[in-house]
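Engineer: can you look at this prediction? I've put the sequence above it.
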Amino acid sequence: MAKQANLYSFPSVKDNLAPALRAYVISCQDAGLARHNVFKVAVSGGSLPKTLAQALLAPSSGPNDEVKWDKWEIFFADERAVPLDHEDSNYFLLKQELLDKLPAGTTPPTVHPIDVEYLNDTQELADQYEQVLVRSFASRDSVKLPIFDLLLLGCGPDGHTCSLFPGHELLRETSAWVAPIEDSPKPPPRRVTLTLPVVTHAVRVAFVATGSGKKEIMKQIFEEGAAGGLPCAWVNEGAGERASWFVDNDAVEGVSYPRRPFSL
Ligand SMILES: O=C1O[C@H](COP(=O)(O)O)[C@@H](O)[C@H](O)[C@H]1O
């Protein structure tokens with residue numbers, strides 16, 4: 001049986017969670033660079049970019065603590081079908097919180113936003129984004145699934161992750177890498193998302209969830225497991241010990257699940 005997802009809980013986001021997340025991301029980066037000289041990562045929107053910025057914009061403490069931005073290839077775990085300068089855009093959020101704040105003189109990462117030419121047709125938008133993945137991860141004929149070095153994901157208060165929502169038929173998608181959704185229960189309704197098989201096949205999956213507003217859903221995810229039907233729990237089941245949760249104590253207060261002391 002696959003080992004369980006790791007749950008790391010910290011008293012403070014700024015002082016404990018962010019530094020641990022930074023160490024974790026850098027270790028995934030270094031492993032990716034050792035494998036193929038590039039770090040392929042996909043990121044969520046929502047509350048994640050802000051915490052990620054706290055982690056990654058901190059000054060480096062030495063040669064083993066360097067974010068090698070020029071080697072990063074950044075994709076979006078999900079995206080809303082809106083222009084890239086729209087306040088609902090996950091790209092816009094990441095740009096505002098993180099990309100625009102990289103220190104002067106940094107060679108920027110390669111970033112892959114959606115192609116806004118296809119905003120009126122979410123199937124085409126998803127197909128075009130899948131082609132972006134095909135070009136980056138080799139031809140679709142020769143790879144069954146793209147294997148990201150790391151996925152950095154959020155967890156909604158309903159247990160959704162990416163734009164994979166509880167009870168939605170998209171959870172049954174087995175062949176597409178990127179899928180459209182026209183009826184997201186959380187606005188805006190029209191989006192594209194990585195599919196569950198892509199998520200569970202990543203080398204590493206890191207969730208970030210903070211605040212007492214996540215407490216009830218964390219209980220369901222960790223106490224009921226995949227049987228509870230929540231997308232985040234399905235990722236935990238599919239990825240096993242390759243999944244790690246970076247949460248604050250407020251988010252998991254009263255949750256019965258073993259916490260691990262954070263170490264790499
Ligand atoms: O709609 C979305 O929500 C989730 C969760 O957001 P959070 O604010 O509760 O962290 C996010 O991960 C996803 O990328 C986004 O499109």
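Structural biologist: On my side now, so go ahead. Just so you know, these numbers come straight off a predicted model, no measurement behind them. Numbering: from 1, shown residues only.
Engineer: where does Gly32 fall, secondary structure wise?
Structural biologist: Per DSSP states H and E, Gly32 falls inside helix 18-36.
Engineer: how about the residues of the stretch 101-250 of the chain by the ligand?
Structural biologist: Residues of the stretch 101-250 of the chain found near the ligand (Cβ under 6 Å from any ligand atom) are Leu153, Gly154, Gly156, Thr161, Ser163, Lys186. To be clear about C-beta, it is placed using only N, CA and C from the backbone, and glycine gets the same treatment.
Engineer: of these, keep whichever come out buried.
Structural biologist: Buried members of those, scored by 16 or more other Cβ atoms under 10 Å, are Leu153, Gly154, Gly156, Thr161, Ser163.
Engineer: circling back: for the residues of the stretch 101-250 of the chain next to the ligand, work out which two are farthest apart.
Structural biologist: Leu153 and Lys186 (14.9 Å; Cβ to Cβ).
Engineer: how about the stretch 151-264 of the chain: which residue is closest to the ligand?
Structural biologist: Per Cβ to the nearest ligand atom, Gly154 is where the stretch 151-264 of the chain lies closest to the ligand, at 2.7 Å.
Engineer: next: the chain.
Structural biologist: For the chain, Cβ to the nearest ligand atom, closest residue to the ligand: Gly46, 2.2 Å.
Engineer: ok, that residue touching Leu153?
Structural biologist: No: using Cβ atoms under 8 Å, Gly46 makes no contact with Leu153, being 9.3 Å away.
Engineer: ok so, going back, what sits against the residue of the chain closest to the ligand?
Structural biologist: Gly46 sits next to Asn90, Gly154, Gly156 when contact means Cβ atoms under 8 Å, 6 or more residues apart in numbering.
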